[in-house]
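Novice: I'd like to go over a predicted model; first the sequence, then the structure.
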Amino acid sequence: MTSRPGLPAKVAVLGAGSWGTTFAKVVARAHPEIRVSLWARRSEVAKEINEFHLNSQYLKDIRLPANLQAS
């Protein structure tokens, strides 16, 4: 996928708590052509986001978009 003119191809968000995850989700949903990277401090949080598209510790039952990946 390529982004529209004026939009970045990638966005990075530092912190996978409730605020960071929500912000990353909003960007990813608004612009599905953009790859959104969410940097988590704990590997188990990143794993849950990547495998199940969830961050159950901070955003219970909220599905995250496929273009949002965590590390």
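Specialist: Cool, the structure landed.
Novice: did I read that right, residue 38 in a strand?
Specialist: Yes. Checked against DSSP: H, G, I helix; E, B strand; the rest coil, residue 38 lies within a strand.
Novice: who does it bridge with?
Specialist: On the basis of DSSP bridges, residue 38 is bridged to residue 13, residue 70.
Novice: thought it was touching residue 53?
Specialist: No. Counting by CB atoms under 8 Å, residue 38 does not reach residue 53; the two are 11.4 Å apart. For glycine as for every other residue, the C-beta is placed from the backbone atoms N, C-alpha and C.
Novice: which residues do those two both contact?
Specialist: Listed as contacting both residue 38 and residue 53 by CB atoms under 8 Å, 6 or more residues apart in numbering are residue 68.
Novice: can you pick out the residue with more neighbours from the two?
Specialist: residue 38 (27 against 16; other CB atoms under 10 Å).
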